[in-house]
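A.B. asks: all I have is the shape, not the residue letters:
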Ligand SMILES: C[S@@+](CC[C@H](N)C(=O)[O-])C[C@H]1O[C@@H](n2cnc3c(N)ncnc32)[C@H](O)[C@@H]1O
């Protein structure tokens, strides 16, 4: 099954085995199906709020991944991701919650809700918001999550950040990104330029917060920046 470049990158970032993986806001379940085929977790949970989608997915999974019901390695749920039924799972089990393809504000709300309702669970999150990366990162930091990995992906001339975070990871989440940047790559330079241009436009409204965010992104292209010094300067800023 062919999946998008963005979902494929998320799939490739999952290298360790888990007891449970939750493909949240799963739509047609493409990523979860890929993970099911990869046999990377004891159970893959598919969650979306749209009922006809989940009925269709359940039928598809029964057809292609039908197993003995006593050891079924997948489950479909039609519900709000904020109500994820984690209480039915062991607190000590290794769990990965994936939320991709939704706006930053909704994503923050969902992560917040999941953590508040399940403070003792051993959770990792793999997150890929559409827009509002800075705000998402600040919120994850405020929730005391640490960074495991982060990557940039360009698809159809849109840029996405993928964040792998957990409560036990000790590396701080930088609001403008850290280990994801590789300025020898054209895509990364293009993304930084686009982001700076966006905040420059916003800063014309001269609010202090936007000016502060702009200054932080601009510091990434400082000649002294260890991230940037190995490549040539971005033109046109
Ligand atoms: C654009 S799709 C994302 C599909 C896939 N995760 C991806 O990244 O390509 C967004 C999905 O989020 C679902 N959704 C939005 N809010 C939700 C919520 N609160 N709980 C569960 N699903 C939600 C929608 O029904 C839709 O199927």
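C.D. replies: Okay, I see it. Owing to the predicted nature of the structure, the values given are computational and were not obtained by experimental measurement. Numbers count the residues shown, from 1 in each chain.

A.B. asks: going forward, measure contacts and count neighbours with C-alpha atoms only.
C.D. replies: Fine.

A.B. asks: pLDDT-wise, which helix or strand of this structure ranks last?
C.D. replies: Using mean pLDDT, DSSP states H and E, helix 208-219 stands out as the lowest-scoring helix or strand of the chain, at a mean of 89.

A.B. asks: and residue 199, what helix or strand is that in?
C.D. replies: Take DSSP states H and E as the rule and residue 199 turns out to sit in helix 186-203.

A.B. asks: what average pLDDT does that helix get?
C.D. replies: Helix 186-203 shows a mean pLDDT of 93.

A.B. asks: in that helix, what counts as buried?
C.D. replies: For helix 186-203, burial by neighbour count (16 or more other CA atoms under 10 Å) applies to 187-193, 195-196, 199-200, 203.

A.B. asks: so can I have JSON lines of those showing distance to residue 6?
C.D. replies: Formatted as JSON lines, those follow (distance: CA to CA, whole Å):
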{"residue": "187", "distance to residue 6": "14"}
{"residue": "188", "distance to residue 6": "15"}
{"residue": "189", "distance to residue 6": "19"}
{"residue": "190", "distance to residue 6": "17"}
{"residue": "191", "distance to residue 6": "15"}
{"residue": "192", "distance to residue 6": "18"}
{"residue": "193", "distance to residue 6": "21"}
{"residue": "195", "distance to residue 6": "19"}
{"residue": "196", "distance to residue 6": "23"}
{"residue": "199", "distance to residue 6": "24"}
{"residue": "200", "distance to residue 6": "27"}
{"residue": "203", "distance to residue 6": "30"}
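
A.B. asks: and the gap between residue 116 and residue 82?
C.D. replies: 10 Å (CA to CA, to the nearest Å).

A.B. asks: more neighbours, the two?
C.D. replies: residue 82 (18 against 12; other CA atoms under 10 Å).

A.B. asks: so the more buried one makes contact with residue 110?
C.D. replies: Yes. Contact status for residue 82 versus residue 110: in contact at 5.0 Å, counting by CA atoms under 8 Å.

A.B. asks: quick one, what contacts residue 47?
C.D. replies: Contact analysis of residue 47 by CA atoms under 8 Å, 6 or more residues apart in numbering lists 22-26, 54, 76-81.

A.B. asks: and these near the ligand, which?
C.D. replies: 25-26, 79-81 (CA under 6 Å from any ligand atom).

A.B. asks: for the protein, what lies in contact range of the ligand?
C.D. replies: Taking CA under 6 Å from any ligand atom as the contact definition, the chain meets the ligand at 25-27, 48-50, 79-81, 100-102.

A.B. asks: 8 Å - rerun?
C.D. replies: Proximity of the chain to the ligand (CA under 8 Å from any ligand atom) is limited to residues 4, 6-7, 23-31, 47-50, 53, 78-82, 99-102, 106, 110, 128.

A.B. asks: of these, just the buried ones, ChimeraX syntax please.
C.D. replies: ChimeraX command restricting those to the buried ones, with burial defined by 16+ other CA under 10 Å:
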select :6,7,23,24,25,26,27,28,29,30,31,47,48,49,78,79,81,82,99,100,101,110,128
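
A.B. asks: please point out which parts of whichever strand or helix holds residue 7 sit buried.
C.D. replies: For residue 7, the enclosing helix or strand under DSSP H and E is helix 5-12. Using 16+ other CA under 10 Å as the test for burial, helix 5-12 gives 6-7, 10-11.
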